[in-house]
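Student: Could you look at this predicted model? Sequence included:
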Amino acid sequence: MDSVFSTWPNVEARVSARGQAMASASSAPPAAAAAAAAAAAVAAAGGVDGSTGVATQPRFEKPGLESDERTTMVVAGPGHGDAGTSGLAGSVWGSPCSPPQSPGPVSSSHAVSKIGQYLLLGPVAGERVFRAVHVHTGEEFVCKVYELSRWQENLGAQLRLSAHPHVCALLEVVLGERSAYALHERAHGDMHAHVRAARRLAEPEAARLFRQIAGAVAHCHGAGVVLRDLKLRKFVFADADRTTLKLESLEDAYVLPDDDVDDDSLSNKHGCPAYVSPEILSAGCAGTYSGRAADVWSLGVMLYTMLVGRYPFHDAEPAALFQKIRRGQFSVPDWVSPRARCLIRSLLRREPSERLQAAEILEHPWFRMDGCGFTSRPCGSREREHNDQVVPDVDMAESEDPFFS
């Protein structure tokens, strides 16, 4: 019988001591069959401990995963906490887009680990993000691995937030002997890859998706969470049809103190070069800036990129890029509708206090337009509709890739 105790404010933890039963792969659906095959791999690697259902001698190819999670604590539900801070985060200049890998069959070359009710399969990003399959249902998830001593710090922003349809839910946290395993919803590609593949989005699609993005940011700001490193890649599709977006990562977010969520003054310089706001670049070592306003600037960069197919400020050299951002001068192509241009310019204002707040973005008239009203070009031309998906040949001499991060 499970024992229940508290390890985090308003969060219950369970110590599981039950063995796991696996269905036959021949009669299970594909995902469940994959789980069954993985379970067999665990058994082949050294067997499963009957009391805890944990592999006793699995082989691990990636550092950071424990070879023996004999006691696991499952943490579920929202709570409160503080997120950590870090310095300026750069990105690899000219790096190609790397959408999440689609799930594939279980390979015998991948190490398999059993953590709580889940099997960890091959890595999908770096050394701490893995595919996870529930041993009973076969449902697939994404598992992120953290140091046990820092999991509350790393997940502080996620624990602060209440549920929202456009923020990826933290489904479960399994605490092992040395690591914490956070289970998240599976994604179906990200916005960076989607825009890059389309070259740019038609305004009806852009409006539908950007409204979801702005709604997620407004929800975070209302809860006292400043996102900081906002960019297209942070938003992933929750469905294969790519109709619903969710904010995937909150690890770079900063949680404002509970007793003063209105004061969003930040001093650290954290963000992706193409999305960073002028005030962050201009602030001295001891200078501060509004974290929420900086997020709104990043939203403006995202919207511009979705509609135009390139960043409003870009250059092959970081120093030249930052100089362009400081000046805050950019042009919007004529094919962008007047209302969309209005919204872009309301977000990319050099003075932070003049920008819209995230919640105000949702009330902008652009979202109430449909059909031909989205574009200043004449409607009814198939050729024009086709050309709308082609990135304009403007200011692209620096790189063949319209994305620098």
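Tutor: Arrived safely.
Student: can you pull out the helices in the stretch 101-250 of the chain?
Tutor: Ranges of helices in the stretch 101-250 of the chain, per DSSP state H, counting those that start in this stretch, are 151-154, 156-160, 191-198, 203-222.
Student: out of those helices, deepest packed?
Tutor: Across the helices of the stretch 101-250 of the chain, the average number of neighbours (mean count of other C-beta atoms under 10 Å) peaks for helix 156-160, which reaches a mean of 24. Heads up, the C-betas are built off the backbone N, CA and C, glycines and all.
Student: just to revisit the earlier point, of all the helices of the stretch 101-250 of the chain, which lies closest to Tyr181?
Tutor: helix 151-154 (8.9 Å; C-beta to C-beta).
Student: mind listing what Ser249 touches?
Tutor: Cys168, Lys234 (C-beta atoms under 8 Å, 6 or more residues apart in numbering).
Student: Can you check which of the helices of the stretch 101-250 of the chain gets nearest to Asp258?
Tutor: Closest to Asp258 of the helices of the stretch 101-250 of the chain is helix 156-160 (C-beta to C-beta; 8.8 Å).
Student: Which strands and helices lie in contact with that closest one?
Tutor: In terms of contacts (3 or more C-beta pairs under 8 Å, 6 or more residues apart in numbering; DSSP states H and E), helix 156-160 is packed against strand 254-255.
Student: Quick check: mean pLDDT of the helix or strand following the strand it packs on?
Tutor: Going down the chain from strand 254-255, the next helix or strand is strand 265-266, by DSSP states H and E. The average pLDDT within strand 265-266 is 92.
Student: Can you point out the buried residues in the following helix or strand past strand 265-266?
Tutor: As assigned by DSSP H and E, the chain's next helix or strand after strand 265-266 is helix 278-282. For helix 278-282, the neighbour count (16 or more other C-beta atoms under 10 Å) marks Pro278, Glu279, Ile280, Leu281 as buried.
Student: Make TSV from the residues you listed and add pLDDT to it.
Tutor: Converted to TSV, the buried residues of helix 278-282 look like this (pLDDT from 0 to 100):
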residue	pLDDT
Pro278	95
Glu279	94
Ile280	92
Leu281	90
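Student: And the protein, what are its domain boundaries?
Tutor: As given by automatic domain parsing, the domain ranges for the chain are 24-184, 191-387.
Student: Where among the ones you listed is average confidence lowest?
Tutor: When I compare the domains of the chain, domain 24-184 is least confident, with a mean of 62.
Student: For Arg131, which residues are in contact?
Tutor: By C-beta under 8 Å, 6+ apart, the residues touching Arg131 are Pro103, Leu120, Leu121, Gly122, Pro123, Val124, Glu140, Phe141, Val142, Cys143.
Student: Quick check: the gap between it and Asp190.
Tutor: 16 Å (C-beta to C-beta, to the nearest Å).
Student: His314 now?
Tutor: In terms of C-beta to C-beta, His314 sits 19 Å off from Asp190.
Student: Tell me what Cys143 is bridged to.
Tutor: Cys143 forms beta bridges with Phe130, Leu183, as assigned by DSSP bridges.
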